[in-house]
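>>> coordinates only, sequence not included:
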Ligand code: FE2
Ligand code: FE2
Ligand code: FE2
């Protein structure tokens, strides 16, 4: 192991954990999107697809940093358990909350303490994007529970995903630039 890899051993471990978490979240959301379409909740399906796209961006960002430090990304995707769309949304929200409240703040703190700027950046991007995911999943849960008719959850719709940091928005233009990474809004990916 190189000197750099020894100094950043914990950060590398955290990057690996985050990479696996993102890869699994992506696999879950792809499966949940298929189920949401089957349940007639096409807007929820659109949200799952947008979140899956963002998690891929996070996984790729983490993998890039991992490789810089001599780590080898291995995703180890687990089989996905698919339930009703309401339950799937709750599973998604719980995952996002764990990342927002516990995982990414801890990883960000450790990377900051060891002055690993590349890891700080990728953890910060993911943390901020997961906050948007948590908010959107919470909104979808409320709409499904209290009547999805005539709300965005039962119609396919666009979501806008930053190609750099994965920040996810329901509006076509929130700002001129991504509020997290400053990427130009016109470069955002449109996911339906
Ligand atoms: Fe993510
Ligand atoms: Fe997420
Ligand atoms: Fe961004």
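Received, thanks. What you see is a predicted model; the values in this text were computed from it and never measured. Ligands and ions are numbered 1, 2, ... in the order given.

>>> residues in contact with the residue nearest in space to the middle of the chain?
The centroid of the chain falls nearest to residue 55 when counting by Cα atoms, centre = their mean (3.7 Å). By Cβ atoms under 8 Å, 6 or more residues apart in numbering, the residues touching residue 55 are 22, 23, 25, 26, 29, 166. Heads up, the C-betas are built off the backbone N, CA and C, glycines and all.

>>> same check, this time on residue 44
Listed by Cβ under 8 Å, 6+ apart, the contact partners of residue 44 are 36, 85, 89, 140, 144, 153, 154.

>>> switch the cut-off to 7 Å
Residue 44 is in contact with 36, 85, 89, 140, 144, 153, counting by Cβ atoms under 7 Å, 6 or more residues apart in numbering.

>>> so residue 160, which of the three states?
Secondary structure, DSSP: H, G, I helix; E, B strand; the rest coil: residue 160 is strand.

>>> quick check: it touching residue 175?
No: with contact defined as Cβ atoms under 7 Å, residue 160 does not reach residue 175; the gap is 11.1 Å.

>>> so which of the two has more stuff around it?
Per other Cβ atoms under 10 Å, whichever of residue 160 and residue 175 has more neighbours is residue 160, with 19 against 10.

>>> who does that one bridge with?
Beta-bridge pairing for residue 160 (DSSP bridges): residue 169, residue 190.

>>> residue of the protein closest to ligand 2, please.
residue 133 (3.6 Å; Cβ to the ion).

>>> what parts of the chain come near ligand 1?
Residues of the chain lying close to ligand 1 (Cβ under 5 Å from the ion) are 22, 55, 58, 126.

>>> contacting residues for the third one?
Pointing back at residue 58 there. For residue 58, the contacting residues are 22, 126, 129, 166, by Cβ under 7 Å, 6+ apart.

>>> re the thing from before, export the contacts of residue 44 to JSON lines and append columns for distance to residue 171, secondary structure and neighbour count.
Shown next, in JSON lines, are the contacts of residue 44 (distance: Cβ to Cβ, whole Å; DSSP: H, G, I helix; E, B strand; the rest coil; neighbours: other Cβ atoms under 10 Å):
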{"residue": "36", "distance to residue 171": "21", "secondary structure": "helix", "neighbour count": "29"}
{"residue": "85", "distance to residue 171": "23", "secondary structure": "helix", "neighbour count": "25"}
{"residue": "89", "distance to residue 171": "20", "secondary structure": "helix", "neighbour count": "28"}
{"residue": "140", "distance to residue 171": "16", "secondary structure": "helix", "neighbour count": "27"}
{"residue": "144", "distance to residue 171": "21", "secondary structure": "helix", "neighbour count": "22"}
{"residue": "153", "distance to residue 171": "16", "secondary structure": "helix", "neighbour count": "26"}
